[in-house]
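Asks: Sharing a model that was predicted from the sequence below.
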Amino acid sequence: MQEIPARPIDVAVGILMRPNGDVLLGQRPAGKPYAGYWEFPGGKVEAGEDIFAALQREFVEELGIEVVGGAPWCCVEHVYEHAHVRLHFYISRHWRGEPQSLEGQAFAWQGTVGLTPLLPATVPLLAWLDQLRHAEQESSQPIC
Ligand SMILES: Nc1nc2c([nH]c(=O)n2[C@H]2C[C@H](O)[C@@H](COP(=O)(O)OP(=O)(O)OP(=O)(O)O)O2)c(=O)[nH]1
């Protein structure tokens, strides 16, 4: 049996949000654990790398876009059979360029997210995103 390290691996994850509240999801490509599952784009933070810098690097590598700004939103830890991860989710409303499928992955803009299957650690985020959208509609301005 594979041994899972106690110390988590940091992962930078970006939720790109359009003015209408739609968010961008990608489908994990073949060859990765949980291939075919939907996720928010991102990837592992490299040694010595700042989390937001890792997020910017991953978006250039995976989707060819430059994330200009983002706000840290929430942090979730999850132990998979393949890894113990600590996911740092950012919400970004400012980027340059149009997403392209540079790693052959499918991607989709979604309002209320209806894609399945979704990576298990990401599932709770959907309800939190709906709450955020609702609170923003009430106040008529972005909360983060
Ligand atoms: N990007 C992303 N990763 C997530 C999400 N939810 C979730 O549990 N993860 C997990 C899956 C993986 O174990 C880990 C991300 O690692 P990864 O293998 O995709 O990262 P990477 O792109 O740096 O991959 P590689 O270079 O090592 O192939 O985080 C999510 O919403 N987005």
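Replies: Cool, the structure landed.

Asks: residues touching the residue of the chain found nearest the ligand, list them.
Replies: Distances between the chain and the ligand by C-beta to the nearest ligand atom are smallest at residue 43, namely 2.8 Å. The way it works is simple: take the backbone N, C-alpha and C, and place the C-beta from them, glycine included. In this structure, residue 43 makes contact with 11-12, 54, 58, 61-62, judged by C-beta atoms under 8 Å, 6 or more residues apart in numbering.

Asks: So which of those residues would count as near the ligand as well?
Replies: residue 11 (C-beta under 6 Å from any ligand atom).

Asks: before we move on, the earlier item: show the average pLDDT along the helix or strand hosting the residue of the chain closest to the ligand.
Replies: Secondary structure from DSSP states H and E places residue 43 in strand 42-44. Per-residue confidence for strand 42-44 averages out to 98 on the pLDDT scale.

Asks: Just the residues contacting whichever helix or strand comes after it, thanks.
Replies: Next in sequence after strand 42-44, counting helices and strands by DSSP H and E, comes helix 51-63. Applying C-beta under 8 Å, 6+ apart, the contact partners of helix 51-63 are 10, 12-14, 26, 41-46, 49, 65-67, 70, 72, 88, 90, 95, 99-103, 105, 107.

Asks: Filter those down to the buried ones, PyMOL style.
Replies: Paste this into PyMOL to select the buried members of the contacts of helix 51-63, with burial taken from 16 or more other C-beta atoms under 10 Å:
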select buried, resi 10+12+13+14+26+41+42+43+45+65+67+70+88+90+95+99+105+107
